[in-house]
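1. Here is a sequence with its predicted model. Questions after.
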Amino acid sequence: MVTDRLRAVELLARAGFWFAILPLLKRVVPLQRLVRWMFSPKNRNRDPQLERAVVKAVERTYRLRKGGICLDRSLTLYRLLTRAGASPELNIGFTRRNSEIVGHAWVMLDGTPIFDSPDSVWEFDHLVAFGRDGLPLKDEPPAGESCPPRHA
């Protein structure tokens, strides 16, 4: 029980750190480099309980922040999930709503988006997905082509 509480506190602290620093970093560091920095593998087997704790900590940390958080939240989630031994995908896409172009970032784990419904990410034209080592995945669709969310 104490170990679970310590783990939760540690995860909240890590998520809080990224919550504080990512708004600046994402403005001064190119996305590809930032994603490589955020990839943080540990040599361990996957731990579903730890992965659930990561998702919960990131959700709690970003719950209070309004608007424009999807990239920060997704980068934080990507970092903490890779540290937990998982192999998440960080996805970036765009769509047109009325006369505006709207971007979105989301994380997929085992073919399922976290924090988003599969239907909500379907509407986005997929721009890029980052996988292992923070590198772009090579099997991307042609630019501008709508696609379903990527599956692992």
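-> Thanks, I have it.
2. Grab the nearest non-local neighbour of Val55.
-> Ile114 (5.9 Å; CB to CB, 6 or more residues apart in numbering). (C-beta placed from N, C-alpha, C; glycine too.)
3. Next, count neighbours for that neighbour.
-> 20 (other CB atoms under 10 Å).
4. In the protein, which helix is the longest?
-> helix 2-28 (DSSP state H).
5. surely the residue nearest to Val55 meets Arg52?
-> No. Counting by CB atoms under 8 Å, Ile114 does not reach Arg52; the two are 10.5 Å apart.
6. on that earlier part again, so how far is the longest helix of the chain off the chain centroid?
-> Distance, stretch centre to chain centre, for helix 2-28: 13 Å (CA atoms, centre = their mean, to the nearest Å).
7. quick one: buried residues of the next helix or strand after it?
-> Using DSSP states H and E, the helix or strand that follows helix 2-28 towards the C-terminus is helix 31-38. By neighbour count with 16 or more other CB atoms under 10 Å, helix 31-38 contains the buried residues Leu31, Leu34, Val35, Met38.
8. Then stretch 49-68?
-> Those would be Leu50, Glu51, Ala53, Val54, Val55, Ala57, Val58, Thr61, Tyr62, for stretch 49-68 by 16+ other CB under 10 Å.
9. contacting residues around it?
-> Identification of contacts with stretch 49-68 by CB atoms under 8 Å, 6 or more residues apart in numbering yields 4, 7-8, 11-12, 14-16, 19, 69, 72-73, 76-77, 80-81, 84-86, 109, 114-115.
10. gap between the nearest residue to Thr76 once chain neighbours are set aside and Val121?
-> Excluding its sequence neighbours, the residue lying closest to Thr76 (CB to CB, 6+ apart) is Trp18, at 4.1 Å. Distance of Trp18 to Val121, given as CB to CB, to the nearest Å: 22 Å.
11. hang on, Glu89 packs against Met108?
-> Yes. Shown here, Glu89 and Met108 form a contact pair, counting by CB under 8 Å, at 4.4 Å.
12. What's the local residue count around Leu25?
-> When neighbours are counted by other CB under 10 Å, Leu25 registers 15.
13. List the contacts of it.
-> Leu25 makes contacts with Leu34, as judged by CB under 8 Å, 6+ apart.
14. got a pLDDT number for the closest residue to Thr112 other than its chain neighbours?
-> In space, and not counting its chain neighbours, Thr112 is closest to Pro118: 7.4 Å by CB to CB, 6+ apart. In this model, Pro118 is scored at 88, pLDDT.
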